[in-house]
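In: Pasting the sequence and the predicted model now:
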Amino acid sequence: MATGFIMHRSDFCMAGMFRDLFLFRQNSMLRILALAVIASMALFEAARQTGLLLYPFPLFGSPSLANLVGGLIFGIGMVLAGGCVAGILYKMGAGSLLSAIAFAGLIAGSTVYAEIHPWWGEFARATTIFKGKVTIPQIMGIDPASVIVAVLAVALFLFHRWFREGKWARRSRAEGYLQPWKAALLLALIGLCSALIIGMPLGITTAYAKMGAYLENAFFPAHTAGLAYFQAIPLDYISPVGNTHLVGGPGWRFDAIAAVQFPLVSGIVAGGTLSALLLGEFKIYFRIPVRQCLSAFAGGTIMGMASRMAPACNIWHLLGGLPILAGQSVLFLSGLFAGAWLGSRILVKWVVRC
């Protein structure tokens with residue numbers, strides 16, 4: 001709930017960060033994203049040095065071309081949907097019908113991916129590089145601390161420069177507005193708590209696949225049972241707190257992923273609702289152009305499928321993998337920039353100006 005509340009109060013939306021760069025040439029919110037990444041990097045490394053953190057995080061693997069392509073497709077969907085996988089949740093909680101439509105698309109896209117999983121899995125394995133290596137320091141064969149310290153030094157220099165230029169604070173007269181730089185630091189702390197308690201950074205998109213699996217299994221149980229993706233169990237490790245054995249996958253069973261991600265999804269929605277109610281801003285608008293509704297659903301569907309292809313979403317990669325310099329996340333970010341640019345072109349040509 002805290003995540004949704006913070007994101008709503010600060011208007012923290014990664015889709016807007018990338019979209020505004022290409023549509024309006026504004027990069028102020030990308031500085032906020034950089035702060036969130038660097039703060040997470042410092043916190044994760046401090047926890048690793050004390051032996052409190054699993055390194056690398058579970059579910060991260062060797063980089064593959066699938067991460068780049070998945071990031072590109074995800075970027076397109078993110079812009080068309082009008083929000084990322086988390087932004088859609090808190091906006092939906094605040095009464096956004098478009099976000100609710102995009103949410104339905106996320107579930108649909110995550111479900112459709114199961115049909116192409118065998119083929120895409122072969123592509124991912126065939127294009128994997130640096131097998132057995134997860135992070136850039138591992139690929140380079142050096143201590144992660146040396147790379148992290150160098151990155152932090154450059155970042156701190158830039159952050160100090162931006163502070164002197166007054167580029168951190170955003171002007172806003174909105175009641176209850178939370179400065180985005182504060183939100184970035186708070187989200188980094190929440191990410192650290194997640195990593196310390198369950199051994200993984202924040203992630204929510206497997207929950208969308210599970211929701212789709214529940215629905216498909218209710219109507220087509222035989223077909224669902226025959227899909228290899230819904231039978232997979234990618235999560236299998238011992239959590240750092242309590243030495244609990246966590247096992248889970250995208251199938252319709254209630255498992256560790258459901259126990260972790262379902263409360264997070266509902267909490268982000270509830271946080272957005274609570275924030276909007278306290279501000280007196282909760283309102284559902286039904287008069288929405290059909291073109292925007294179609295864009296939201298199509299974008300959500302594309303993003304849902306891409307989150308399985310990448311695999312995972314922007315929250316997982318940018319606030320979880322990038323801070324530990326995971327190769328998968330670096331490729332995902334590269335694809336995300338290209339996808340957001342392409343999505344912005346599509347948005348302007350087919351959705352906004354038509």
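Out: Here it is on my side, so go on.
In: Could you list the residues in contact with stretch 146-162?
Out: The contact list for stretch 146-162, computed with Cβ atoms under 8 Å, 6 or more residues apart in numbering, reads Arg31, Ala34, Leu35, Ile38, Met41, Ala42, Glu45, Ile136, Pro137, Met140, Trp168, Leu325. Quick note: C-beta positions are derived from backbone N, CA and C, even for glycine.
In: C-alpha coordinates for that stretch, PDB please?
Out: Once non-C-alpha atoms are left out, stretch 146-162 reads as follows in PDB (Å, rounded to 0.1, in the frame of the first residue of the first chain):
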ATOM      1  CA  SER A 146      34.900  -1.800  -7.400                       C
ATOM      2  CA  VAL A 147      32.300  -1.200 -10.200                       C
ATOM      3  CA  ILE A 148      29.600  -0.100  -7.800                       C
ATOM      4  CA  VAL A 149      31.900   2.500  -6.200                       C
ATOM      5  CA  ALA A 150      33.000   3.900  -9.500                       C
ATOM      6  CA  VAL A 151      29.300   4.200 -10.700                       C
ATOM      7  CA  LEU A 152      28.300   5.800  -7.400                       C
ATOM      8  CA  ALA A 153      31.200   8.300  -7.600                       C
ATOM      9  CA  VAL A 154      30.100   9.500 -11.000                       C
ATOM     10  CA  ALA A 155      26.500   9.600 -10.000                       C
ATOM     11  CA  LEU A 156      27.200  11.600  -6.900                       C
ATOM     12  CA  PHE A 157      29.100  14.200  -8.900                       C
ATOM     13  CA  LEU A 158      26.100  14.600 -11.300                       C
ATOM     14  CA  PHE A 159      23.600  14.700  -8.500                       C
ATOM     15  CA  HIS A 160      25.500  17.400  -6.700                       C
ATOM     16  CA  ARG A 161      25.700  19.400  -9.900                       C
ATOM     17  CA  TRP A 162      21.900  19.000 -10.500                       C
END
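In: how about the strands of the stretch 151-300 of the chain, start to end?
Out: With DSSP state E, counting those that start in this stretch as the criterion, the stretch 151-300 of the chain has strands at 235-238, 245-248.
In: Mind putting the ones you listed into TSV with mean pLDDT and mean neighbour count?
Out: Below are the strands of the stretch 151-300 of the chain laid out as TSV (pLDDT from 0 to 100; neighbours: other Cβ atoms under 10 Å):
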stretch	mean pLDDT	mean neighbour count
strand 235-238	91	15
strand 245-248	93	15
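In: In JSON lines, list these along with distance to Glu115.
Out: Formatted as JSON lines, the strands of the stretch 151-300 of the chain follow (distance: least, Cβ to Cβ, whole Å):
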{"stretch": "strand 235-238", "distance to Glu115": "22"}
{"stretch": "strand 245-248", "distance to Glu115": "21"}
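In: Show me the one of those strands that comes nearest Ala209.
Out: Closest approach to Ala209 among the strands of the stretch 151-300 of the chain (Cβ to Cβ): strand 245-248, 11.2 Å.
In: who touches that closest one?
Out: 198-199, 206, 233-239, 255-260.
In: out of those residues, who's nearest Val348?
Out: Nearest member of these to Val348, counting by Cβ to Cβ, is Thr206, at 32.4 Å.
In: Just the endpoints, please. Distance across stretch 47-62?
Out: 23 Å (Cα to Cα, to the nearest Å).
In: Buried residues, it. List them.
Out: Residues of stretch 47-62 classed as buried by neighbour count (16 or more other Cβ atoms under 10 Å): Ala47, Arg48, Leu53, Leu54, Tyr55, Pro56, Phe57, Leu59, Phe60, Gly61, Ser62.
In: what distance separates it from the centre of its chain?
Out: Remark: stretch 47-62 is offset 18 Å from the chain centroid, using Cα atoms, centre = their mean, to the nearest Å.
In: Can you tell me which helix or strand of the protein has the lowest average pLDDT?
Out: The weakest-scoring helix or strand in the chain, judged by mean pLDDT, DSSP states H and E, is strand 235-238 (a mean of 91).
In: Let me know the average pLDDT across stretch 27-35.
Out: What stretch 27-35 shows for mean pLDDT is 96.
In: these two touch, right, Trp252 and Tyr214?
Out: Yes: here Trp252 reaches Tyr214: they are 4.7 Å apart, a contact under Cβ atoms under 8 Å.
In: Show me which of the two is the more surrounded one.
Out: Per other Cβ atoms under 10 Å, whichever of Trp252 and Tyr214 has more neighbours is Trp252, with 21 against 17.
In: Show the contacting residues for the closest residue to that one other than its chain neighbours.
Out: Nearest in space to Trp252, with sequence neighbours left out and distances taken as Cβ to Cβ, 6 or more residues apart in numbering, is Ala213 at 4.1 Å. Contacts for Ala213 were tallied using Cβ under 8 Å, 6+ apart; they are Thr111, Ala114, Thr224, Phe230, Pro250, Gly251, Trp252.
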